[in-house]
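**Q** generate a structure from the sequence data that follows.
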Amino acid sequence: MIETQETFNFTTMPFISGTLALIFGTFIFMFAIWRRNKRRKLTGISEFTCTDRMVNTKSTEKLLQFLALVLLISGFMLITFEALRIEDNAAHEVTTS
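**A** The predicted model follows:
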C-alpha cells in the first residue's frame with residue numbers, strides 16, 4: 001500500500017462529523033433515559049405532578065430518543081462510508097502504480 005497522507009490522516013470532515021453525531025446521540029439518549037427514570041422515582045413524582053404536562057413529557061422523551069437514534073445511525077453511517085472511501089482510494093492507488 002502506498003503511504004499517502006490520506007491513508008494515515010483519518011481526521012477528514014465526514015469522520016469528525018460522524019464522531020460528533022455519535023457522541024451527541026449517545027448523550028441525548030442517556031439524557032432521555034435519565035429523565036424517564038427520574039420521573040418514575042418517588043422524588044420525580046413531585047416534579048411531574050400535573051397530568052396534562054405528563055403527555056408533553058412523554059412525547060418530549062420519545063422525541064429525544066428518536067433524535068438520538070437518528071444521530072447514532074447517521075454518525076455510524078458517516079464513519080463507515082468514509083472508512084470505505086479511504087480504503088477504496090488506497091486500493092486504487094496501489095493498483096494504478
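**Q** what's the spacing between A90 and F76?
**A** Taken as C-beta to C-beta, to the nearest Å, the spacing of A90 relative to F76 amounts to 21 Å. C-betas here are computed from N, CA, C, even on glycine.
**Q** worst-scoring helix or strand of this structure, pLDDT-wise?
**A** The weakest-scoring helix or strand in the chain, judged by mean pLDDT, DSSP states H and E, is helix 5-8 (a mean of 50).
**Q** downstream of it, the next helix or strand is which one?
**A** helix 13-40 (DSSP states H and E).
**Q** can you name every helix or strand that the longest helix seen in the chain contacts?
**A** In the chain, taking DSSP state H as the definition, the longest helix is helix 51-96. Counting contacts by 3 or more C-beta pairs under 8 Å, 6 or more residues apart in numbering; DSSP states H and E, helix 51-96 packs against helix 5-8, helix 13-40.
**Q** sketch out the low-pLDDT regions of this structure for me.
**A** Applying pLDDT under 70 to the chain flags residues 1-10, 43-55, 93-97.
**Q** residues contacting L20?
**A** G75 (C-beta atoms under 8 Å, 6 or more residues apart in numbering).
**Q** just the one 4 residues further on next, same as before
**A** With contacts defined as C-beta under 8 Å, 6+ apart, the neighbours of F24 are L71.
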